[in-house]
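Visitor: Let me see the structure of the following:
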Amino acid sequence: MIFNFEKMKEEKLENFKGGEKYIMAKMYVDDNNRILKATLPPMASIGEHTHDTSSEIIYILKGEAKIIYDGKEESAKAGDSHYCPKGHSHTLINNSNEDIIIFAVIPEQ
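Guide: The predicted structure follows:
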């Protein structure tokens, strides 16, 4: 199956997972996975959440993000990946002046 994110409808998700501002996302969702490409504008965040039934892999395509994983702060830049296993929590924060673009896969388990 091929995904062409350029042809997908983009959604504006306000205060995603309780975060600040909004994210712009193009997503494929089925019963097994959520696959997305998203943009976080400056000062936006994905709220802290726990992966109770899934894990998540995030690849930073552009920008630099602050990630809080199980209460510990990490920094990720373009080319880095972040993994949040099932049962763990994380948040992604854009405290820069540029957009962050991510690719993420969230498989249900």
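
Visitor: just checking, residue 10 touches residue 24?
Guide: Yes. If you go by C-beta atoms under 8 Å, residue 10 and residue 24 touch, sitting 5.5 Å apart. Placement of C-beta: from N, CA and C, glycine included.

Visitor: Comparing the two, which shows the higher neighbour count?
Guide: residue 24 (16 against 12; other C-beta atoms under 10 Å).

Visitor: Spatially nearest residue to that one (excluding sequence neighbours)?
Guide: Closest residue to residue 24 apart from its sequence neighbours, by C-beta to C-beta, 6 or more residues apart in numbering: residue 39 at 4.5 Å.

Visitor: Tell me who's in contact with that neighbour.
Guide: Applying C-beta atoms under 8 Å, 6 or more residues apart in numbering, we find residue 39 in contact with 23, 24, 25, 99, 100, 101.

Visitor: Show the buried residues in these.
Guide: For those, a burial check counting by 16 or more other C-beta atoms under 10 Å picks out 23, 24, 25, 100, 101.

Visitor: Return the distance of the last one relative to residue 87.
Guide: So that's residue 101. Residue 101 is 27 Å from residue 87, where distance means C-beta to C-beta, to the nearest Å.

Visitor: How about the fourth one?
Guide: Counting by C-beta to C-beta, the gap from residue 100 to residue 87 is 25 Å.

Visitor: what about the strands in this structure?
Guide: Assigned by DSSP state E, the chain shows strands spanning 11-14, 22-29, 33-40, 45-50, 56-62, 64-69, 72-77, 81-84, 89-93, 100-107.
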